[in-house]
Each structure stands twice: as structure tokens, then as C-alpha cells.
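**Student:** need coordinates for the following:
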Amino acid sequence: MTAPRNCVQTITIPIRWGDMDAQGHVNNTVYFRYMEQARIEWLDAVRQRSGPFPGQGQVIVNASCTFIEPLEYPGTVEVRMFLEAPGRSSIESCYELWKDGRKHAEGAAKIVWIDLNTQRSAPLPDRLRSPQP
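**Tutor:** Residues are numbered from 1 along each chain as shown. Okay, here's the model as predicted:
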């Protein structure tokens with residue numbers, strides 16, 4: 001049984017011609033950029049809603065992507081971001097990449113909260129534990 005996830009962000013990104021590789025589809029590394037953009041926009045929304053995190057930040061300690069079907073230019077990719085249950089200092093973010101009603105990829109990135117001065121993990125702020133988008 002899969003743990004429940006909360007959808008916290010959905011964005012659309014135009015696929016650029018330059019996102020493609022020699023095979024004629026979006027390069028694998030660009031999928032990670034699409035997921036990163038959703039994550040950054042989510043964090044920006046949290047900051048706008050509840051203020052900055054002085055002296056704190058985040059790092060990604062691992063990231064993965066399962067490529068289901070190639071994305072191709074032209075078009076728009078919809079990136080859906082979900083959060084799993086938070087831990088003490090980290091939270092797993094999960095992603096689905098959709099185009100034209102079909103899921104093309106799914107991925108994940110573990111976000112670890114850190115103290116920027118020590119570069120060590122720090123307790124995840126309560127406002128990041130909320131399922132709000």
C-alpha cells in the first residue's frame with residue numbers, strides 16, 4: 001500500500017525546441033529541470049504565504065525519474081508535485097509529468113532542510129508540514 005500524497009503544486013511549462021536531444025525528444029536531464037521548477041515555485045509560494053526562512057534552506061540529497069514515454073516538441077508539459085509525510089528534517093517530493101492527457105514520467109526528490117551556517121540538517125519547519133499548495 002502506497003502512503004498518501006498531497007498535491008501541492010501544478011505548473012505548466014512550454015517545451016522548448018532546445019529541450020530536445022539528437023533523438024528528437026526531450027533530453028532526460030530536462031525532466032529534472034521541469035521537476036525542479038515545480039519545486040522552486042512551490043517553495044516560493046510557501047515563502048510568499050508565510051515569510052522567509054532566515055538562516056535556513058534546503059538541499060536535494062537524491063533525485064530519480066522513471067521515463068514512461070518520450071516528451072516531444074512542440075507542446076506543454078504539466079508538472080504535478082506531491083509531498084509525502086514529512087520526517088524530522090526531510091520530506092519526499094514526488095512528481096508526475098503529463099502532456100496531452102498522458103503521463104510521460106514520474107519522479108522524486110528528497111528535500112532535506114538545513115542550517116545554512118553549519119550546512120547540517122535542521123528540523124523541518126512546521127509550515128512545510130502543511131499540505132497547503
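**Student:** can you give me how far the longest strand belonging to the chain is from the chain middle?
**Tutor:** Assignment by DSSP state E gives strand 102-115 as the longest strand of the chain. Mean C-alpha position of strand 102-115 versus that of the full chain (CA atoms, centre = their mean, to the nearest Å) differs by 5 Å.
**Student:** show me what counts as buried in that strand.
**Tutor:** By 16 or more other CB atoms under 10 Å, the buried positions in strand 102-115 come out as 104, 105, 106, 107, 108, 109, 110, 111, 112, 113, 114. Glycine gets a C-beta too; all of them are placed from N, C-alpha and C.
**Student:** isn't the last one right up against residue 123?
**Tutor:** No - contact criterion CB atoms under 8 Å: residue 114 and residue 123 do not qualify, at 10.6 Å.
**Student:** select the helix or strand of this protein having the lowest average pLDDT value.
**Tutor:** Here the helix or strand of the chain ranked lowest by mean pLDDT, DSSP states H and E is helix 126-129, holding a mean of 81.
**Student:** returning to what we had before: what's the overlap in contacts for residue 114 and residue 123?
**Tutor:** By CB atoms under 8 Å, 6 or more residues apart in numbering, residue 114 and residue 123 have these common neighbours: residue 89.
**Student:** show me where this structure has helices.
**Tutor:** Under the criterion DSSP state H, the chain contains helices at 28-50, 126-129.
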